[in-house]
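K.L.:
Next input, structure requested:
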Amino acid sequence: MTNEKSKLRKIKIISNSIGFGPFPEPDEEVEQHLSINSHGRVFVSSYAFGDGCKYRKIRSRYFKIKLQNAASILDSIHCFFSNCEDFVDALDVGTWEAFLEFEDGTSSRFTGPLTSDCNKELDTISDLIRSSFEMPDLLAFDGNERKGRIERITVDYHNLQKVSELTLDYAEHLCIDRSSEELVFDQIFGTGCIISKKYHVEDGISSLLDDQDPEELVACTDCKVQDPLNTKTYKITIDCLNEDQRVISGTFDRNGLPDGFADFANDVVSFTEFYSNLEMFNPSVLRRKNELIFCKVQFGRYGSSYSYLTDDESLKAGDWVVVPVGSSGSESIGKIESIEYCTAEDAPYPIDAIKKIIRKAEAKVKASQEECTVMRSEPLPDISADDWRCKLEEDFSEKNLADSLAAVWNETGWLCDEDNSEEEEQRYESWWELQMELVNKAADILQCKVDVPYAKLIEPLMNRNGYRLSTGWWISD
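P.N.:
Predicted coordinates:
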């Protein structure tokens, strides 16, 4: 604790950046001494590691700041140390020491870890010192670890088009600000219409900014040529802590946009979509008593979509469901694309012919173990699609084709996942391409046109070679 009755006259801060790890180079700066008194006099000295026995002074500076600025810094420090508790030592970072001298002649000493986010109030005081001294590289209490951290990103988009004698002026403005913890998105339609959306998410905005790379958002590689006829333009402004502002502008197209804009845009869309569910306008709540629930279900990533009827109000877009397919009504797996509510008269498919969803799938295997086939492990984990293609050689007898189709179909189904990484997505695409090659060969044997649903197309060939479709997987009897 400090002397609360007497006014703070002077403070000296010694910031040492050496923590647990290898020794610094002889010329590397490792320590700073900073003093400020109530008259506004400031002394700053920097020391290099030297020979390891004695630090070597590499620069010093003396100057004065305004009395009100000095008072603001001293008052903030006095207030903080009057109420602070002891700091926990940390071996992997440097340390700071603070020596406080009061007007009544008493003094106090404090020490703590030289790191950011240990205490937000100390981080704020460190920023105040750097800005008041106009010295962005001062270590102060936080080691200047947050230098370069993104504080704000603004993106301005403008599309000015002339159609005949009309001028269409449309703009968008995005601002993501750490200090206010807000993301604001504006759409400007000319002069009389502005749509604004504000997202205030404590810690969420900071996390979104921490995930961005400022260099990627202003980098345009390969000397991209911008289209002078493009009416869509943009400007990106990035403000980082204790660094110069970064600005890039150009045409809003694949050649003019910076390298990291696609990833940034995906992050922003995912963030805003998470908070965009409106319960007040939930269609299931607004559903009228005489309306039925129709789900559009897609089979496979590139398969067709079909409408199914359900009574389950808990289903939502993106859910996997077990549904009957074909004249035999065999079970298959599909993903709900969309849900609509309408009367029997307005149904998307004749109400007397439409099938009903059997149940919601429980996991990627799409149903419970007692009622369907469960694929417990990846069918072909240790081979690539190209290697499998070579393994086939040119032996496309009907039995060999059916065996290969079953294996490749199941592998493709296993790899189909909306949360795939880029590497997994590439692996999926290569197996999908091989699957379609085999489907085309099956169509040649069956003398039929290649069309969706592919499972229905190849079913005769698979059945007569000992395979049947069970919840999306081809299994052998």
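
K.L.:
so which strand or helix has residue 76?
P.N.:
helix 67-83 (DSSP states H and E).

K.L.:
Enumerate the positions of stretch 133-150 that are buried.
P.N.:
133, 135, 138-146, 149-150 (16 or more other C-beta atoms under 10 Å). C-beta: built from backbone N, CA, C; applies to glycine.

K.L.:
circling back: in the helix holding residue 76, what's buried?
P.N.:
Neighbour-count burial for helix 67-83, counted by 16+ other C-beta under 10 Å, picks out 69, 70, 73, 74, 76, 77, 78, 80, 81.

K.L.:
and it, what does it pack onto?
P.N.:
strand 8-16, strand 29-37, strand 94-102, helix 120-133 (3 or more C-beta pairs under 8 Å, 6 or more residues apart in numbering; DSSP states H and E).

K.L.:
I'd like those laid out as a markdown table, including distance to residue 435 and mean pLDDT.
P.N.:
Putting the helices and strands packed on helix 67-83 into a markdown table (distance: least, C-beta to C-beta, whole Å; pLDDT from 0 to 100) gives the following:
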| stretch | distance to residue 435 | mean pLDDT |
| --- | --- | --- |
| strand 8-16 | 62 | 93 |
| strand 29-37 | 60 | 93 |
| strand 94-102 | 58 | 92 |
| helix 120-133 | 55 | 89 |
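
K.L.:
Tabulate these (CSV), appending distance to residue 173.
P.N.:
Below are these laid out as CSV (distance: least, C-beta to C-beta, whole Å):
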stretch, distance to residue 173
strand 8-16, 40
strand 29-37, 40
strand 94-102, 41
helix 120-133, 27
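
K.L.:
Compare these and give me the one nearest residue 382.
P.N.:
strand 94-102 (49.0 Å; C-beta to C-beta).

K.L.:
sorry, back to before: so which of the buried residues of stretch 133-150 is the closest to residue 312?
P.N.:
residue 150 (44.1 Å).

K.L.:
That closest one against residue 242, yeah?
P.N.:
No. Judged on C-beta atoms under 8 Å, residue 150 makes no contact with residue 242 at a distance of 11.9 Å.

K.L.:
Do a quick rundown of the helices in this structure.
P.N.:
All helices of the chain, identified by DSSP state H, fall at 67-83, 120-133, 204-210, 261-274, 283-286, 385-392, 398-415, 422-446, 454-463.

K.L.:
Return the distance of residue 180 relative to residue 398.
P.N.:
67 Å (C-beta to C-beta, to the nearest Å).

K.L.:
now residue 56
P.N.:
83 Å.

K.L.:
just residue 207 next, same as before
P.N.:
In terms of C-beta to C-beta, residue 207 sits 56 Å off from residue 398.

K.L.:
show me the contacts for residue 211.
P.N.:
Residue 211 is in contact with residue 267, counting by C-beta atoms under 8 Å, 6 or more residues apart in numbering.

K.L.:
could you measure it against residue 40, distance?
P.N.:
In terms of C-beta to C-beta, residue 211 sits 41 Å off from residue 40.

K.L.:
ok, back up a step: please identify which of the helices and strands packed on helix 67-83 is closest to residue 305.
P.N.:
Here helix 120-133 is closest among the helices and strands packed on helix 67-83 (C-beta to C-beta), at 50.9 Å.

K.L.:
contacting residues for the nearest residue to residue 149 once chain neighbours are set aside?
P.N.:
Computed as C-beta to C-beta, 6 or more residues apart in numbering, the closest residue to residue 149 that is not its neighbour in sequence is residue 241, at 4.7 Å. By C-beta under 8 Å, 6+ apart, residue 241 lies in contact with 127, 146, 147, 148, 149, 151.

K.L.:
can you check residue 337 too?
P.N.:
296, 297, 298, 305, 317.

K.L.:
List the beta-bridge partners for the fourth one.
P.N.:
With beta bridges defined as DSSP bridges, residue 305 has these partners: residue 298.

K.L.:
give the contact list for it.
P.N.:
296, 297, 298, 299, 337.

K.L.:
so which of the residues you listed is the most crowded?
P.N.:
With neighbours defined as other C-beta atoms under 10 Å, the most crowded of the contacts of residue 305 is residue 297; it has 26 neighbours.

K.L.:
isn't that one right up against residue 323?
P.N.:
Yes. Proximity of residue 297 to residue 323 meets the contact threshold set by C-beta under 8 Å, at 5.9 Å.

K.L.:
Need the residues touching each of the two.
P.N.:
With C-beta under 8 Å, 6+ apart, residue 297 and residue 323 have common neighbours 308, 334, 357.

K.L.:
out of the residues you listed, who has the most neighbours?
P.N.:
residue 334 (27 neighbours).

K.L.:
For that one, which non-adjacent residue is spatially closest?
P.N.:
residue 297 (3.8 Å).
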